[in-house]
Each structure stands twice: as C-alpha cells, then as structure tokens.
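Asks: model this:
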Amino acid sequence: MPLSSPAPRQLRHTRAITVEAYARDDGLWDLDACIRDIKPHDIELPSGHRPGGVPVHDLKLRVTIDRDMTIVDAQAASDAVPFPGHCDTIAPAYQKLIGLSLLNHFRLHLKDRLSGVLGCTHLTELAQVLPTAALQAWSDDAMESRPGDASPERPYELGRCHALRLDGPVVETYYPRWVLKAVPG
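Replies: Presented below is the predicted three-dimensional model:
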C-alpha cells in the first residue's frame with residue numbers, strides 16, 4: 001500500500017543508504033555500504049561553501065564476513081565530509097569491527113566500540129544496517145533448505161518481526177514445524 005499523497009512541500013535533503021553484498025571467490029563475503037547526504041541547494045558550512053547537489057557526506061564502509069557472519073576485515077573511507085582533515089581521520093577505528101558477529105548482539109557491540117567520540121556518527125549508523133543486509137544476501141541460499149528441512153535449528157528470521165511471529169499465520173503456513181500453537185485452557 002503506497003503512502004498517501006503529501007501536502008505541498010520542497011525537497012531540503014536526501015540521505016541515501018546502500019549496501020551491496022558480494023560473494024567472493026575465496027568463500028568470504030564483502031558488504032559494501034555507503035551513506036550519502038546531499039542538499040539540493042547551496043549551503044555554507046563552517047569549513048566553507050558546498051554547492052547544491054554536492055554531497056555533504058559520502059562515506060563508505062566495507063566489511064568482509066565469513067560463513068558464520070563474523071567480520072574478518074573492515075575498512076572505512078570518507079570521500080566527502082563537512083570537516084575535511086578531521087572527519088576523515090576516523091577510518092582506522094572501524095577495524096574494531098573485526099571479530100564481531102553480525103548475528104550476536106552486533107548493534108550492542110558496535111555501540112560499545114564506536115559510539116560518540118570513538119567513531120563517526122554516520123559511519124556507525126551505517127554499520128547498523130549490516131546484519132539485515134547480510135541476511136538478505138544469504139536468503140537465497142537459506143530458502144533452498146527451508147521450510148521442509150530437518151535441521152534442528154530454527155531459521156534465524158523466525159520470531160524477529162510481527163509477520164514471522166512464532167504463533168502467527170505465516171509461520172503456521174510456511175514453517176509449520178516451528179509454529180507455537182496456543183494451549184487451550
């Protein structure tokens with residue numbers, strides 16, 4: 001269902017977040033993430049004039065993960081920042097992501113390692129989308145073994161959103177093995 005028609009308005013800012021997932025020949029995966037902020041009009045930053053259409057932020061984060069979704073390498077790059085020579089010096093801090101699992105309290109560990117002055121607000125925000133992006137990248141492989149496989153482990157996505165609640169109709173229809181039925185009584 002689409003959004004309703006908006007009231008009259010003018011575009012003031014665009015933030016675009018993209019994540020591209022690549023299966024590597026060595027069995028690892030790269031997640032290339034980008035966050036870009038663009039104003040449609042000229043702005044004056046403390047560091048100088050920025051013409052409309054030129055990014056205020058153009059930040060990139062690449063994490064390399066193994067089949068267990070553990071980060072084995074991480075790189076950050078800042079192609080456009082509001083304070084050149086300052087914002088763009090934080091990239092090495094993002095190597096603190098190495099060793100974290102995207103499936104095991106990743107956002108909590110991310111906050112512990114890179115929130116506030118320990119990192120860049122925008123790169124850290126960008127990193128928060130990596131777990132679900134990785135799951136989407138692997139969903140084709142995961143669907144090949146579901147819902148009828150005999151694995152003793154419940155599929156990761158079940159019980160993590162309202163549509164996939166364990167007592168709901170989607171799980172009952174597509175994952176009957178894992179449905180939780182109400183106990184009469």
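Asks: Counting neighbours, what do you get for Leu61?
Replies: Using other Cβ atoms under 10 Å, Leu61 has 25 neighbouring residues. Every residue, glycine included, has its C-beta placed from N, CA and C.
Asks: From Arg154, how far off is it?
Replies: Distance, Leu61 to Arg154, by Cβ to Cβ, to the nearest Å: 30 Å.
Asks: quick one: contacts for the residue positioned nearest the centre of the chain?
Replies: The residue lying closest to the centre of the chain (Cα atoms, centre = their mean) is Val129, at 1.4 Å. Going by Cβ atoms under 8 Å, 6 or more residues apart in numbering, Val129 touches Ile17, Val19, Ala33.
Asks: which element is the second one on?
Replies: By that I understand Val19. For Val19, the host element (DSSP states H and E) is strand 14-23.
Asks: which residues of the chain score low on pLDDT?
Replies: 140-150, 185 (pLDDT under 70).
Asks: Swap in 90 and give it another go.
Replies: Within the chain, the stretches with pLDDT under 90 are 1, 138-161, 178, 181-185.
Asks: Going along the chain, name the helices of it.
Replies: 106-114, 121-127, 130-144, 169-174 (DSSP state H).
Asks: Most tightly packed of those?
Replies: Counting by mean count of other Cβ atoms under 10 Å, helix 121-127 has the highest mean neighbour count of these, with a mean of 21.
Asks: Please name every helix or strand in contact with it.
Replies: strand 29-38, strand 55-65, helix 106-114 (3 or more Cβ pairs under 8 Å, 6 or more residues apart in numbering; DSSP states H and E).
Asks: quick one, which of the ones you listed is nearest to Ser139?
Replies: Of all those, it is strand 29-38 that lies closest to Ser139, at 12.9 Å by Cβ to Cβ.
Asks: Which residues in the closest one does the neighbour count mark as buried?
Replies: Residues of strand 29-38 classed as buried by neighbour count (16 or more other Cβ atoms under 10 Å): Trp29, Asp30, Leu31, Ala33, Cys34, Ile35, Arg36, Asp37, Ile38.
Asks: The residue nearest to Ala127 when sequence neighbours are not counted: what's it in contact with?
Replies: Distance criterion Cβ to Cβ, 6 or more residues apart in numbering; nearest residue to Ala127, sequence neighbours excluded, is Leu110 at 5.5 Å. Going by Cβ under 8 Å, 6+ apart, Leu110 touches Leu97, Leu100, Thr124, Ala127, Gln128.
Asks: Appreciated, that's everything.
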